[in-house]
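Asks: Predicted model follows, preceded by the sequence.
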Amino acid sequence: MTTTDEQLSPARLDDELMPAEVEEPDQSGSSSFKRNIIWLQGVAFILGLALLIYVIRRVGVQPIFDALLKIGFGFFILLAISGSRHVIRTLAMRAAIDPLHRRFSFKHALAVRLGGEAVSFLTFTGPLLGEATKVALLRRRVPLVHGVSALVVDNILYNLSVIVFVLSGAIVMLLSFNLPPLVRYSLFGIAVGASLGLILSVWAASRRVMLLTWMIDALGRFGIHPKFLTSRRDHIWDLETHVYDFYSHRPGSFFAMCGFNLLTHATSVIEVYVTLRMLGYKPTVPAALVIESLTKIINFVFGFVPATIGVYEAGNEIILQTLGYAAATGITLALVRKAGTLVWTGIGLLVLVWRAVPNATRSLMDRSPRLRKIMDSLVLSNMSHRPARTIVSIFGIGVGVLLIVFTVGLAHGLLRERGRREANIGAEIMVRASGTFSMSGTQPFAYPVSRAQELARIQGVRMAVPIGQQLVGSDTGFGSRVVDGITFDEYAPLAGLTIKDGTAFTPCGPTSTPNCGDQAIVDSVWTEERKTSVGGTVQLYDRPFRIVGVYEPPGGARIKIPLSTMQEQLGSQDHCSAVLVACNNPDEQVQVAARIREQFPSDQIIFTKDLPELYASGVPALDIFIKVVVAIAASISMLVVLLAMYTTVTERTKQIGILKSLGMSKGTIAWVIEKEAILVSLLGVTVGILLTLLVRFAVMRTTSLTVEIEPKWIIIAFAVGLIGGTIGALYPALRAARQDAVEALAYE
């Protein structure tokens, strides 16, 4: 039986499917049901989150983080692969809609899919609400009945392809891998279940079984007559009829959709394969096929868990462990793929916001005259009339704020981190030659090494060890690094330094080769960053130094060489940069320092606990650099707002003329422009601070750099952005106020 368009008109379905017709008791019952669903969703999410935390703690954060670092920028390749899956599914969805009613572009169809999938991924109801969202987004372009039937066909064919894919994965795993009995029996059950599902689907299609209609009739035979279903029984029957007629009416689209669905599964297998390759494995295509097919089972069984949090990661861990991979690999694979899903989900949410916010705003303003008055103000109307320009202006100011807060935070963070490493050397006092002022490692070797023995004899001193510090060029050709010159046998007991890998410095004898002293030991952080090990080299003083050992714990400069080698390089034998003094009782370091000053009044004494702040404030060039950065950021804010406001005034010349002709004063017109600039500046500062926090998190997660966000500089950046924006808008505001009303009205 085939129905006509008149029988299935959108108007009829709209009237029948509107929930407003449900009686009041049903509405209260529906509200109670929705509340219960929300509670269940919350419980499922919390349990899933707890499972995820448990799995990560059991496997360990570091192995997972190390695996994620291997992905690096390859994540964008994986993101493109997952995006191609959305493109292919969009093509399948478009093919399901009759060309006569396909009044939308591919771009619109992709937006519809992303919006619907975002709802499916994040909500308890999953595909049910997600597909309803797609119908709502298509409603203005496609008649409701055709949109609903097309999406039903699309989902049925996709789910059938999933069954075929799962069945193939189970068979491949049974035939290709040596599995424990329990796993083998489980896979056999999955294969049998998938086969029965396919057989039942073929049988239902051949007999044109109206499953939903039959269920409604069955409920009626038991005396259950829910009005929401019984009142729509005929429409559900019509919908099922349309689904069964799809193949006979449009066989080309049917086979095209089947091909698109199979291609979708192929991209999923490729994503798994490429991810494992990026993690350093050499997977086979059958292994990737098995992993993806079993992952689909997890997604189906635990689809009620929002974002399948926890269960997806734990399931991937079990699957990959069964196939012989490390547990961390399974969790990393799941996290990387979910990260891609979250990116596309975020885009889908933006689509929903873009579609829903204007209507919601109009509805809200209709209910609130006060809000309508606010939104009708010249400032907000100017900003909303040119949203792209407003957003660009906000981000322009945000970049200026980022430039200030992040740059200062990075500079101070690096210096304080170096100061903390210098303080973490087991000594409480550093004694240097008088007149030494630099903290950067550029000071000359002016302190006699023999002074260490004299200091060691002072009451309360446990050890006194000479040390050299020198700033040398980096082997990358950019910047410089600090190197410590030490006598290992004396320095190691002071700093509690041990060799983790390799050996300490090898003494040079009379028969030693030239450059025998060109040896270096490095800390474990340096080796991890540089991906090097014992036996490698590091370029110092324009020649290679052989890495002979890796030490722990990190303290002082990351690279240490023999003090004698550094002295020879600088031509300062028997001299050093400073002597490190360790006290018998660290609590008495002030008294010990007083005794040192009494005996050597001209020497400079520094407490190592003060080094972090001394380093942060002891680089004169840094203050100049920061002032330059602040000036640049202020200029950026001023120029961005100046350009935006000048363009605004130019575009609104006629409107300004109208306002002046209606009696608005020059000051009021100028203040409108300034208020818009101030609001844009405030939003820009907020965005800049958020961007700074995001960049800081990324930098500190992926490198050993330290970025310290200081409240003082947030306030300074806030003031710079606000003042720069206000000053930038001053000229456009004055220009608008000075315009002649007659000339402005005649402006074209």
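Replies: That came through fine. Quick caveat, the model's predicted, so the values are computed rather than measured.

Asks: by contact count, what packs against the host helix or strand of Gly115?
Replies: Of the helices and strands defined by DSSP states H and E, Gly115 is found in helix 106-122. Helices and strands touching helix 106-122, as assessed by 3 or more CB pairs under 8 Å, 6 or more residues apart in numbering; DSSP states H and E, comprise helix 74-96, helix 127-138, helix 327-367. All C-beta atoms are positioned from the backbone trio N, CA, C, and that covers glycine.

Asks: Dump the C-alpha coordinates for it into CSV.
Replies: Extracted C-alpha coordinates of helix 106-122, given in CSV (Å, rounded to 0.1, in the frame of the first residue of the first chain):
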residue,chain,number,x,y,z
PHE,A,106,25.8,19.5,1.5
LYS,A,107,27.1,22.1,3.9
HIS,A,108,23.7,22.3,5.6
ALA,A,109,23.4,18.5,5.7
LEU,A,110,26.8,18.2,7.4
ALA,A,111,25.8,20.7,10.0
VAL,A,112,22.6,18.8,10.6
ARG,A,113,24.6,15.6,11.1
LEU,A,114,27.2,17.1,13.4
GLY,A,115,24.4,18.7,15.5
GLY,A,116,22.5,15.5,15.8
GLU,A,117,25.6,13.4,16.6
ALA,A,118,26.6,15.9,19.3
VAL,A,119,23.2,15.3,21.1
SER,A,120,23.5,11.5,20.6
PHE,A,121,27.0,11.5,22.1
LEU,A,122,26.3,13.6,25.1
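
Asks: Quick one, which of the helices and strands packed on helix 106-122 gets closest to Lys627.
Replies: Proximity of these to Lys627 was assessed by CB to CB; the nearest stretch is helix 74-96, lying at 37.1 Å.

Asks: Run the angle between the closest one and helix 106-122 for me.
Replies: Helix 74-96 runs at 110 degrees relative to helix 106-122, counting by axes from the mean of the first three to the mean of the last three CA atoms, to 10 degrees.

Asks: Next, the buried residues of helix 74-96.
Replies: 75, 78-79, 81-83, 85-86, 88-96 (16 or more other CB atoms under 10 Å).

Asks: Verify the contact between Thr498 and Glu552 for me.
Replies: Yes. The pair Thr498 and Glu552 qualifies as a contact (CB atoms under 8 Å) at a distance of 6.0 Å.

Asks: of those two, who's got more company?
Replies: Counted by other CB atoms under 10 Å, Thr498 and Glu552 do not tie: Glu552 has more neighbours, with 14 against 11.

Asks: low-scoring stretches of the stretch 301-450 of the chain, by residue?
Replies: Counting by pLDDT under 70, the low-confidence segments of the stretch 301-450 of the chain come to 303-304, 306-307, 355-386, 414-416, 418-419, 421-423, 436-443.

Asks: do that again at 90, thanks
Replies: For the stretch 301-450 of the chain, the stretches flagged by pLDDT under 90 are 301-448, 450.

Asks: just the strands in it please.
Replies: For the stretch 301-450 of the chain, the strands identified by DSSP state E, counting those that start in this stretch occupy 429-432, 447-448, in order along the chain.

Asks: One more: the chain?
Replies: If DSSP state E is used as the criterion, the strands of the chain fall at 429-432, 447-448, 461-473, 480-486, 498-502, 519-523, 537-540, 543-552, 559-562, 575-576, 578-583, 604-607.

Asks: Would you format these as TSV with distance to Leu198 included?
Replies: Formatted as TSV, the entries for those read as follows, by distance: least, CB to CB, whole Å:
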stretch	distance to Leu198
strand 429-432	78
strand 447-448	85
strand 461-473	69
strand 480-486	65
strand 498-502	58
strand 519-523	60
strand 537-540	63
strand 543-552	59
strand 559-562	65
strand 575-576	81
strand 578-583	77
strand 604-607	78
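
Asks: Least confident of these, on average?
Replies: The stretch with the lowest average pLDDT out of the strands of the chain is strand 480-486, scoring a mean of 81.

Asks: Can you lay out the helices and strands packed on helix 106-122 as JSON lines showing distance to Gly688?
Replies: Written out in JSON lines, the entries for the helices and strands packed on helix 106-122 read as follows (distance: least, CB to CB, whole Å):
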{"stretch": "helix 74-96", "distance to Gly688": "25"}
{"stretch": "helix 127-138", "distance to Gly688": "34"}
{"stretch": "helix 327-367", "distance to Gly688": "21"}
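
Asks: C-alpha coordinates for stretch 553-569, PDB please?
Replies: Written as PDB, here are the backbone C-alpha positions of stretch 553-569 (Å, rounded to 0.1, in the frame of the first residue of the first chain):
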ATOM      1  CA  PRO A 553      67.900  14.200  41.200                       C
ATOM      2  CA  PRO A 554      67.800  17.300  38.900                       C
ATOM      3  CA  GLY A 555      69.600  20.200  40.600                       C
ATOM      4  CA  GLY A 556      71.600  23.200  39.400                       C
ATOM      5  CA  ALA A 557      72.300  23.300  35.600                       C
ATOM      6  CA  ARG A 558      71.100  20.300  33.700                       C
ATOM      7  CA  ILE A 559      74.600  19.800  32.100                       C
ATOM      8  CA  LYS A 560      77.600  19.400  34.300                       C
ATOM      9  CA  ILE A 561      81.300  19.100  33.200                       C
ATOM     10  CA  PRO A 562      84.500  18.800  35.200                       C
ATOM     11  CA  LEU A 563      85.500  22.000  36.900                       C
ATOM     12  CA  SER A 564      89.100  21.600  35.600                       C
ATOM     13  CA  THR A 565      87.800  21.600  32.000                       C
ATOM     14  CA  MET A 566      85.800  24.800  32.600                       C
ATOM     15  CA  GLN A 567      88.800  26.400  34.300                       C
ATOM     16  CA  GLU A 568      91.100  25.500  31.400                       C
ATOM     17  CA  GLN A 569      88.600  26.800  28.900                       C
END
